[in-house]
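Undergrad: I need the structure of the sequence given here:
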Amino acid sequence: MNRLDCDVLIIGSGAAGGTLAGTLSELTDWRIVLAEKGGYFGSEFFDQREWAMRVLYAREGRRATDDGAIPVRGGQCVGGGTTVNAALCMDPLPEVWRRWREQRSLEGLSFDPTAADYGVVGLNLGSCLAEVRERIHVGLPEAALVNDNNRRFEDGCRALGWSARRFELNLRGCIGSGYCEEGCAYDAKQGTMITYVRDALARGVRLIHHCALTRIELEQRRGRLAAVGATGRVRPTDPGSRPNAVPPGRIEICARLVVVACGAIESPLLLARSGLGGAGSPLGRGLVLHPSLPVVGVFARPLENYRGLPGTVYCDQFVASHGVYFEVLFGHPVYGAVVLPGIGPEHFERMSSLPRLAGFGVMLVDSSAAENRVERSYEAPGYRIRYRLTQESKERLRYAAARAVELMFAAGADEVVLASDEPLGPLAAPRFRDPAQARHCAELRFEPHRTTITSAHCQATVAMGHDEESSCLDSRCEMHGIDRLMVCDASSFPGSCGVNPMLSIMTLARYQGRRIVAERERYGL
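TA: Numbers count the residues shown, from 1 in each chain. Modelled structure (predicted):
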């Protein structure tokens, strides 16, 4: 049995947990343990072999909704999603956070750079965002790294008179290998593993990876429940991982403050295994996925579609009217084989034409629905992710799919293919030869296993709010009714943050980290 004692236990080392560990170790000399379920794989391990890199993902990339229809990919390694994402950075939207404050009666969370939330000088989301951007080197990429796939998309937007914007990315010294989602072999992508977590380790934070914590330990103290630590098991270290700080076996970690930062799938599951939630509870409910529809263009000549940076351009032409973004990304063959439609000879032909393919995704900013949820299951794999597109979401996706087909033709494609085998009117499947055929997208039904929808960003399953009947956390990200237990990650959002969420998550974590230090007496620290 491994027994550890610390001041703060942070569970999860991704965008939230890594930033919290770096922030708390920067501002205090507290004893901090950072626990990560996945392994500690560094640049020496990232060999750009897509199949081998599946160990960086939850369930090796096999995690999906309960009907198996929607892949729910997420990083499970030190750095979490920031190790395996495409480095796309979008600032949090002040209007979204303002709406949350008003509708959920939340305190603080101000974007006014002169604000002093909770009476703490300089504490506001605006200043925290600036600090995060500086630490992870957010900026526009060099023009030379914008590949053909992105340039064709940009050309198509211009031809239609639509907006085409360049992503900011968290990069430093990128050489454009094109393998961002398999871990960066050059430490150019500035995820938390090589920024905030590296900072934290240099200051004495103890990182325990391969650490599957199964329960938050709670005790009655002065008539109230309080978190006192967590228990679980440390797995043997996977081949290729860096060494661990403790040997394999059971582990018990005692802490004065426990911060859960496992993401919108794992955080509610850990809390449920700890005896929280239950019938009628909002815990695990309201799951947002930012469901995305892949769009593929077939061109006459080969393109530079994965070398350079996978994603540098996006279109927000229809965000205000329909809540959809068009974002350029391109999958490598294993992931591409899942997305590309067809079977047998047709699928083989599609895969054989990979050098001539271009791609982007239609990303829907979906709304929280209570029936979309994450819950425990006593059957393998121990949980159930239930997500179904609402009728309103389907209507918006149909409109966006038609515009996406038009955009790909405007970019110069000879043929446009949606990740679907559904018949559309006169079309046996969504294989378009003419932009006028885009109108048939109005007949998409988004049938499970016939149309591939992917999940982009899981959020909103342990939501903040003043009302304890409809939310789990207060404005401080503290669990209602339980002392010294916080949940700070994308699950804390009351709904979709409205953009790619990495910077929103890291900004919230930086904010709460600075607040914890200023209010240390609140936690007996």
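Undergrad: now the lengthiest helix in the chain: mean pLDDT?
TA: Longest helix of the chain, by residue count under DSSP state H: helix 391-410. What helix 391-410 shows for mean pLDDT is 98.
Undergrad: So which residues of this protein form helices?
TA: Going by DSSP H, the chain shows helices at 15-27, 81-84, 94-104, 125-135, 148-160, 196-202, 263-273, 319-322, 333-339, 345-352, 391-410, 502-518.
Undergrad: Now do the end-to-end distance for stretch 33-41.
TA: With CA to CA, to the nearest Å as the measure, stretch 33-41 spans 18 Å from end to end.
Undergrad: can you tell me the average pLDDT over that stretch?
TA: 98.
Undergrad: What pLDDT does the model give the residue nearest to L27 when sequence neighbours are not counted?
TA: Counting by CB to CB, 6 or more residues apart in numbering, L27 lies nearest to V517, which is 4.6 Å off, once chain neighbours are set aside. Placement of C-beta: from N, CA and C, glycine included. Predicted confidence (pLDDT) for V517: 98.
Undergrad: returning to what we had before: mind giving me JSON lines with the helices of the chain and columns for distance to E36?
TA: Shown next, in JSON lines, are the helices of the chain (distance: least, CB to CB, whole Å):
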{"stretch": "helix 15-27", "distance to E36": "8"}
{"stretch": "helix 81-84", "distance to E36": "11"}
{"stretch": "helix 94-104", "distance to E36": "28"}
{"stretch": "helix 125-135", "distance to E36": "20"}
{"stretch": "helix 148-160", "distance to E36": "33"}
{"stretch": "helix 196-202", "distance to E36": "9"}
{"stretch": "helix 263-273", "distance to E36": "11"}
{"stretch": "helix 319-322", "distance to E36": "34"}
{"stretch": "helix 333-339", "distance to E36": "24"}
{"stretch": "helix 345-352", "distance to E36": "35"}
{"stretch": "helix 391-410", "distance to E36": "33"}
{"stretch": "helix 502-518", "distance to E36": "15"}
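Undergrad: which stretch in those has the least confidence?
TA: helix 333-339 (a mean of 87).
Undergrad: before we move on, the earlier item: make CSV from the helices of the chain and add mean neighbour count to it.
TA: Output for the helices of the chain, formatted as CSV (neighbours: other CB atoms under 10 Å):
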stretch, mean neighbour count
helix 15-27, 28
helix 81-84, 28
helix 94-104, 16
helix 125-135, 20
helix 148-160, 21
helix 196-202, 22
helix 263-273, 25
helix 319-322, 12
helix 333-339, 16
helix 345-352, 12
helix 391-410, 21
helix 502-518, 26
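Undergrad: which other residues reach stretch 236-251?
TA: 1-4, 39-42, 45, 55, 206-211, 213, 231-235 (CB atoms under 8 Å, 6 or more residues apart in numbering).
Undergrad: Taking the residues you listed, please make a PyMOL selection of just the buried ones.
TA: Selection of buried members from the contacts of stretch 236-251 for PyMOL, criterion 16 or more other CB atoms under 10 Å:
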select buried, resi 2+4+39+40+41+42+45+55+206+207+208+209+210+211+213+231+232+234+235
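Undergrad: The contacts of stretch 236-251 in strands, which ones?
TA: Applying DSSP state E to these, the entries found in strands are 2-4, 206-208, 211, 213, 231-234.
Undergrad: Between those residues, which sits nearest W162?
TA: Ranked by distance to W162 (CB to CB), these are led by L207 at 45.0 Å.
Undergrad: and G223, what does it touch?
TA: So G223 contacts nothing (CB under 8 Å, 6+ apart).
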